[in-house]
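[1] missing the sequence, but the structure's below:
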């Protein structure tokens, strides 16, 4: 029986009903500007303040340290460009990151390199994890920022954030983490984990699109990215997205409350898929098996190409994604898979399944009832598969 | 992003497989780029009486292989050599801009199979077929 399975929760998630309900008043009657003096504005102001408090509480931060943005990309841009500019003023123009960051980080750093900054890219090895000792060796006198993602968006590997943060703290270097994939899925405490800045995006945890936040630890020097009005304590201009931040806070609280239960279910789903898909010959799991988001499966199947795999999955009602070049319109397969040392031809045949609220074991069983056959069908068409089998002899 | 014709040829490709004792076999593309097309032809009295393909690649690579084989089957070699990538794209009702190279590969794969056919007969194919575009793994103009 064909069913519809949404298995692309790392791309985006369905808005939670609870979040939508919380947002509705601010999309309708309570439309006031949070900066206005009259009572309609006051209602919006109270809602924005409450959302800030709730989000701060989930992260172990103080409300004064939460700054609302238009999403994860803006938060990353702000943290990196802001810390870089602060560094430049002190003559510090060296930044450390990892090779497999999201493009919101990598492209921002590339822009800074053109302006004269030097960037060190830490390797992630075959298991997709940054090593703390590599960071220790990379930090210099003129390092003004370390930015390492919390969890990778493609392979889901969770980095040793607390340990990386501890190294930065000891060396007196600000530490930013792009936690867009992690927030709502792992327990985060910015105090305990030595985080100075953290980016998050609401639509990754069943909140609305177009809203996110940057946590900035008190005392961390970051220049302003969006100039204008005095919103966000004078550090980020733009009329408050009242409904957006209210929805984000509601979704985050819900995600935090249901996290353990959801992670246990997702782990069961992913374990079932990984164990069974690994039985397909010449398949592999990308990224560390244990240190990964519980809802992430990323695998490669040799001899086939990812886009055709996705089209056949879609034909069977399954929404998934791939790091294949063909899906992005570029020549090279995903920089994340290449950073693990995978050859191009294998990286082309990747599949990412990411689970969230609403996925069940029936979804996992359904996926595995069609996946081996789809891989087989594509391999039967593939001259590359023929030559792989020929070389085995 | 794909037309109905592309999807139909992708889901139910025509002439997929191999020909035993083929009279010509051509392979173009490169695993590094994520596309390999292999074409087999059977020729009788100058007519391509049978053609099969095997393709490693994306949806449009498989669809262009399928429709290109349809377009040369039953035709003379001379006619097959006039098959252009543009005609392949038109027959599919269009392709996204970054997938046009798939149609070039399909055209080249047919030409490569015909070249092989001539070579087996001891005839130099270059004056008849022209240069086959050999993909060098990313360095070629068609792979982007």
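    Received it, and whenever you're ready, just let me know what you need. Just so it is clear, the model here is predicted, and its values are computed rather than measured. Numbers count the residues shown, from 1 in each chain, chains lettered A, B, ... in the order given.
[2] Now that residue B:30 has come up, it's in contact with residue B:36, right?
    Yes - using Cβ atoms under 8 Å, residue B:30 is in contact with residue B:36, at 6.9 Å. C-betas here are computed from N, CA, C, even on glycine.
[3] So for those two, which residue has more residues nearby?
    Taking other Cβ atoms under 10 Å in any protein chain shown, residue B:30 and residue B:36 do not tie; residue B:36 has more neighbours (26 against 20).
[4] which element is that one on?
    Here residue B:36, judged by DSSP states H and E, is contained in strand B:35-44.
[5] can you check residue A:377 too?
    Here residue A:377 is assigned to helix A:361-381, by DSSP H and E.
[6] quick one on the thing from earlier: what is the strand holding residue B:36 packed up against?
    Counting contacts by 3 or more Cβ pairs under 8 Å, 6 or more residues apart in numbering or on different chains; DSSP states H and E, strand B:35-44 packs against helix A:383-392, strand B:24-30, strand B:47-56, helix B:59-72, helix B:100-120.
[7] So what's the gap between that strand and the chain middle?
    Here the centre of strand B:35-44 is set off from its chain's centre by 7 Å, with Cα atoms, centre = their mean, to the nearest Å.
[8] and the angle for that strand with strand B:24-30?
    170 degrees (axes from the mean of the first three to the mean of the last three Cα atoms, to 10 degrees).
[9] so who does residue A:216 touch?
    A:65, A:67, A:79, A:196-197, A:222, A:235 (Cβ atoms under 8 Å, 6 or more residues apart in numbering or on different chains).
[10] Quick one, which of those are buried?
    A:65, A:67, A:79, A:196-197, A:222, A:235 (16 or more other Cβ atoms under 10 Å in any protein chain shown).
[11] How about the residue of the stretch 101-250 of chain A found nearest chain B, nearest residue that isn't a chain neighbour?
    For the stretch 101-250 of chain A, the residue closest to chain B is residue A:154, as judged by Cβ to the nearest Cβ, at 16.8 Å. Spatial nearest neighbour of residue A:154, chain neighbours left out: residue A:336 (4.2 Å); criterion: Cβ to Cβ, 6 or more residues apart in numbering or on different chains.
[12] what number of residues lie near residue 98?
    Let's take chain A. 26.
[13] could you do chain B instead?
    Per other Cβ under 10 Å, the neighbour tally for residue B:98 reads 16.
[14] Doesn't it lie inside a strand?
    No - going by DSSP: H, G, I helix; E, B strand; the rest coil, the assignment for residue B:98 is helix, not a strand.
[15] Let me know the pLDDT of it.
    pLDDT recorded at residue B:98 is 87.
[16] quick revisit: so of the contacts of residue A:216, which two are at opposite extremes in space?
    The distance between the two most remote of the contacts of residue A:216 (Cβ to Cβ) is 15.0 Å, for A:196 and A:235.
[17] of all the residues in chain B, which ones are close to chain A?
    Proximity of chain B to chain A is confined to B:7, B:10-11, B:13, B:16, B:27, B:31-38, B:54-59, B:61-62, B:96, B:98-99, B:138, B:143-144 under the rule Cβ under 8 Å from any Cβ of the partner chain.
[18] contacting residues for the residue nearest the centre of chain B?
    Chain B has residue B:106 as the residue nearest its centroid, 2.9 Å off, counting by Cα atoms, centre = their mean. Residue B:106 sits next to B:37, B:64-65, B:67-68, B:85, B:88 when contact means Cβ under 8 Å, 6+ apart.
[19] Make a PyMOL selection of the buried ones in the residues of chain B next to chain A.
    Applying 16+ other Cβ under 10 Å to the residues of chain B next to chain A leaves a buried subset, and the PyMOL line that selects it is:
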select buried, chain B and resi 10+13+16+27+31+32+33+34+35+36+37+38+54+55+56+57+58+59+61+62+98+99+143
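[20] and residue A:263, how many residues sit next to it?
    Residue A:263 has 16 nearby residues by other Cβ under 10 Å.
[21] any idea how far the residue nearest to the centre of chain B lies from chain A?
    Between residue B:106 and chain A the distance is 14 Å, computed by Cβ to the nearest Cβ, to the nearest Å.
[22] one step back: isn't there a helix covering the residue of the stretch 101-250 of chain A closest to chain B?
    No - with three-state DSSP as the criterion, residue A:154 is located in coil rather than a helix.
[23] That one touches residue A:333, doesn't it?
    No - Residue A:154 lies out of contact with residue A:333 (Cβ under 8 Å); the separation is 10.6 Å.
[24] Need the residues touching each of those two.
    Joint contacts of residue A:154 and residue A:333 (Cβ under 8 Å, 6+ apart) are residue A:323.
[25] quick one: which of these two has more around it?
    residue A:333 (30 against 26).
[26] so how far is residue A:344 from that one?
    6 Å (Cβ to Cβ, to the nearest Å).
[27] so what's in contact with those two at the same time?
    Joint contacts of residue A:333 and residue A:344 (Cβ under 8 Å, 6+ apart) are residue B:34.
[28] any chance you could map the strands in chain A?
    Along chain A, the segments classed as strands by DSSP state E run A:5-6, A:66-69, A:94-98, A:118-122, A:143-147, A:175-178, A:197-201, A:212-216, A:283-285, A:296-301, A:318-319, A:350-354.
[29] so what does the fifth one touch, helix or strand wise?
    I take that to be strand A:143-147. helix A:72-89, strand A:94-98, helix A:161-171, strand A:175-178.
[30] what's the angle between it and helix A:161-171?
    Going by the same axes, to 10 degrees, strand A:143-147 makes 170 degrees with helix A:161-171.
[31] Give me the angle between strand A:143-147 and strand A:94-98.
    Using the same axes, to 10 degrees, strand A:143-147 lies at 20 degrees relative to strand A:94-98.
[32] partners of strand A:143-147, with directions?
    strand A:94-98 (parallel), strand A:175-178 (parallel) (DSSP bridges).
[33] Check the longest one too.
    Strands that pair with strand A:296-301, judged by DSSP bridges, come out as strand A:283-285 (antiparallel), strand A:350-354 (antiparallel).
[34] I'd like these laid out as a markdown table, including distance to residue A:276.
    Output for those, formatted as a markdown table (distance: least, Cβ to Cβ, whole Å):
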| stretch | distance to residue A:276 |
| --- | --- |
| strand A:283-285 | 10 |
| strand A:350-354 | 12 |
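[35] from those, which stretch is densest packed?
    Most buried of these by mean neighbour count (mean count of other Cβ atoms under 10 Å in any protein chain shown) is strand A:350-354; its value is a mean of 28.
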